[in-house]
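# Fold the following for me, if possible:
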Amino acid sequence: MATKKRNGIIIPMQLKGNEIVEDLFKEISEEDIIEKNISINDELLINCSHELKTPLNIIYGAAQMIELSARNISDDNLTNYVNSIKNNCFRLTKYINHILDLTAIEAGEYKLNLERVNIVEVVEYVVQKIAPRIKEMGLNILFDTNVEEKYVIIDSELFGKSILNIISNAVKFSKQGGTILVEFTDYKTNIEIKIEDNGIGIDTKYLEKIFHRFGQVDKSLSRGSEGSGIGLKLAKAIIELHGGKVSAESKLNEGSTFSVKIPLGNKDTIHSLYKNDDVKVIDYDTINQLVHIEFSDIFNIS
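Now for the predicted structure:
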């Protein structure tokens, strides 16, 4: 029997066979170092993200002031410069928010702002909002549903962010002339939202990796697409926070399908925590802002 002192506590450990104490201590020490490094990296990311918000807000505010001051000036170059500044502010905001949201969710500190909303209308509006720009890229996006209304209890802003992340991923990896299908299905006991594309696909060995933090597919398949590497991880965390599940199926060079399933009427899910049955009017301004931010690394949205 051997013991190890950790955080002031003596822990008994049973050695097996010819296991050497020094090797065991070395292994545990290396695990401690890895855990400590992960904790330090998370803290560094959070601190940096918070510190970046102040100068970012100032830059965006300055761009808005320039835009306002030059509203009567016809200068395409000036307009393009201001739009570029604003869009890159959106991109930085996206990455900062992803880090902060994911860290808060993983730490169990994110509090859902639950509302009863028509989720069909939310998803359909998102598709309609991004459709014109996607068409400019030589792609098509379609929305299909088996119901016109489905009232669910969710954090509509956070949930909308998860769906936007999955759709933006489909856009990034779609082939020219391809079609993205967003399909909503009400199964009474649960709802399912499928985002299907006929793009470059994902090798099966990368399917699990794409839901990991900073997990991205093989660079040779990425077509130069940019991203933070945590978008799908965040989407998965958000959906699971709502008591749901997300999964992916894909065939290389044929396309991918992401499936989001949310259970309904289950007393063990997050929905039972909501006591107010009032239907909330959808905040389209918030959705518009989300679209601006979540698609800022794909195209400018005016």
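# tell me the helices in the stretch 201-302 of the chain, going along the chain?
231-241, 284-294 (DSSP state H, counting those that start in this stretch).
# mean pLDDT lowest for which of the ones you listed?
Among these, helix 284-294 has the lowest mean pLDDT, at a mean of 89.
# And what about Asn87, helix, strand or coil?
helix (DSSP: H, G, I helix; E, B strand; the rest coil).
# ok, it touching Asp297?
No - if you go by CB atoms under 8 Å, Asn87 and Asp297 don't touch, sitting 9.1 Å apart. For the C-beta atoms, the positions are set from N, CA and C on the backbone; glycine is no exception.
# Spatially nearest residue to Glu249 (excluding sequence neighbours)?
In this structure, Glu249 finds its nearest non-sequential neighbour in Thr257, 4.9 Å apart by CB to CB, 6 or more residues apart in numbering.
# any idea how far the one you found is from Glu192?
From Thr257 across to Glu192, the span is 11 Å (CB to CB, to the nearest Å).
# Tell me where the model's unsure across the chain.
For the chain, the stretches flagged by pLDDT under 70 are 1-50, 213-229, 265-277, 300-302.
# where along it do the strands fall?
Here the chain has its strands, by DSSP state E, at 2-6, 9-13, 115-118, 140-145, 151-154, 179-186, 190-197, 245-251, 255-263.
# Would you mind giving those as CSV with distance to Thr204 and mean neighbour count added?
Shown next, in CSV, are the strands of the chain (distance: least, CB to CB, whole Å; neighbours: other CB atoms under 10 Å):
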stretch, distance to Thr204, mean neighbour count
strand 2-6, 40, 11
strand 9-13, 39, 10
strand 115-118, 36, 20
strand 140-145, 26, 16
strand 151-154, 31, 22
strand 179-186, 21, 19
strand 190-197, 17, 21
strand 245-251, 7, 17
strand 255-263, 11, 21
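# which one of those lies closest to Asp203?
Evaluated over the strands of the chain, closeness to Asp203 peaks at strand 245-251, with 7.9 Å, by CB to CB.
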